[in-house]
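Q: sharing a model prediction with you, sequence too.
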Amino acid sequence: MKRLAYLDALRGIAALMVVFTHLYEPVIGHDWVLDYLIDPGKLGVLWFFMISGVVIPYSLKPVPDGARRFVISRVMRLYPAYWLSLVLFVLMLQLTGAPLPSWPQIVANLTMVQTALGFNDVVGLYWTLFIELVFYGLCLALFIAGKLYDLAYRARCSLVFLLAALALGIARALTEHKLPVALPLALSLMFFGSVWRQWLLAEHSAALTRNLKMLFVAFAVLLPPTLIMAYSEDMGTGETWGRYCFTYAVAIVSFVLLTRSVRLDHPALVWLGAVSYSLYLLHPSMGLFSNYLLRGTDAPALLVALVATLLTLAAAHLCFRYIEHPFIQLGKRLNNRNAKTQPVSV
């Protein structure tokens, strides 16, 4: 699938919504719309998940070494910038005198699967990257099993994970334990994205229409009770079921509209999409750095946020140019070199 400008633009907007939530909501303070109606950061993250669903399964090419090529490209795409963000955040904590994570926690975070190892994320937003890795693993497993390109199978995966989220939501309400409802919800949206991709490419078959209708009905029927059961009680992160219901509904509807009917492709948004991964990873560190630079100046909170935004944009540009892009190209060279050394079948 060739790179689509409107998907990059959507990535850029999603990254800005996450940045807004982390840098500007503290400036705004308590607001009814943000406290009870919609979570812009969650909306952006849900877009990221659905975009991954559109793109990732189809980066697994049906060639003999497709699985190996996928692993190399994903490692080179994700880990270098991620490691930089981890080191930079720890340095910012030390610079500002904030409490430092333990060395075992830092080492565990180098893997990106610290959640599975029983460690907390050093940077709060790393939880989304763990979900991305789970999705990659599932796509790889389906690829090896010969099911990844099966439309109905992917649609059923979306439905199964949605049902799993409902089950976890009920269990969470009954046990009052913070069970990971977000994981199956995200995976459901990702597999939905993989089905929706075929509609975007004008593959409007009867089977595709039937499966999409099934998923839209399933989301309409199952998402509200899942979110009500899971988030009726705030377990420490400001979760409210009404805000989550509205945010999920807006995320799905707006994603469909912005990929089908209103395709944004302004160059500035496309550029933001290109650097969105670095933007996403580095803005917490730049928020700390901005506070450090303006300490003792009585600078208003809005100015601190604006400086943090400018620092984030600059850092994202540099990270993309000198870290992300070179390692992506290295991954391509490794894959091409290995392809040349493959034995020729006769």
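A: Done, it's in. Nothing here was measured: the structure is a model prediction, and the numbers come from that model.
Q: hey, which helix or strand in this protein has the poorest pLDDT?
A: Across the helices and strands of the chain, mean confidence by mean pLDDT, DSSP states H and E is lowest for helix 32: a mean of 79.
Q: which secondary structure elements does that helix contact?
A: Contacting helix 32 under the criterion 3 or more Cβ pairs under 8 Å, 6 or more residues apart in numbering; DSSP states H and E is no other helix or strand. Bear in mind the C-beta positions are built from the backbone N, C-alpha and C, glycine included.
Q: how much space between residue 294 and residue 308?
A: Distance of residue 294 to residue 308, computed by Cβ to Cβ, to the nearest Å: 9 Å.
Q: looking at the two, which is more packed in?
A: For residue 294 versus residue 308, the count of surrounding residues by other Cβ atoms under 10 Å is larger for residue 308: 25 against 16.
Q: what's near enough to touch the nearest residue to residue 239 once chain neighbours are set aside?
A: With sequence-adjacent residues excluded and distances taken as Cβ to Cβ, 6 or more residues apart in numbering, residue 239 is closest to residue 231, at 4.4 Å. The contact partners of residue 231, taken as Cβ atoms under 8 Å, 6 or more residues apart in numbering, are 181, 239-241, 244.
Q: what about the biggest helix by length in the chain, distance to the chain center?
A: Ordering each helix of the chain by length in residues (DSSP state H) puts helix 66-96 first. Centroid separation for helix 66-96 versus its chain: 14 Å, with Cα atoms, centre = their mean, to the nearest Å.
Q: do the same with stretch 41-61
A: The answer for stretch 41-61 is 7 Å, by Cα atoms, centre = their mean.
Q: quick one: average confidence on that stretch?
A: On average, the pLDDT along stretch 41-61 is 95.
Q: just checking, what packs against the helix or strand that comes right after the longest helix of the chain?
A: Where DSSP states H and E defines the elements, the next helix or strand beyond helix 66-96 is helix 103-109. Helices and strands touching helix 103-109, by 3+ Cβ pairs under 8 Å, 6+ apart, are helix 66-96.
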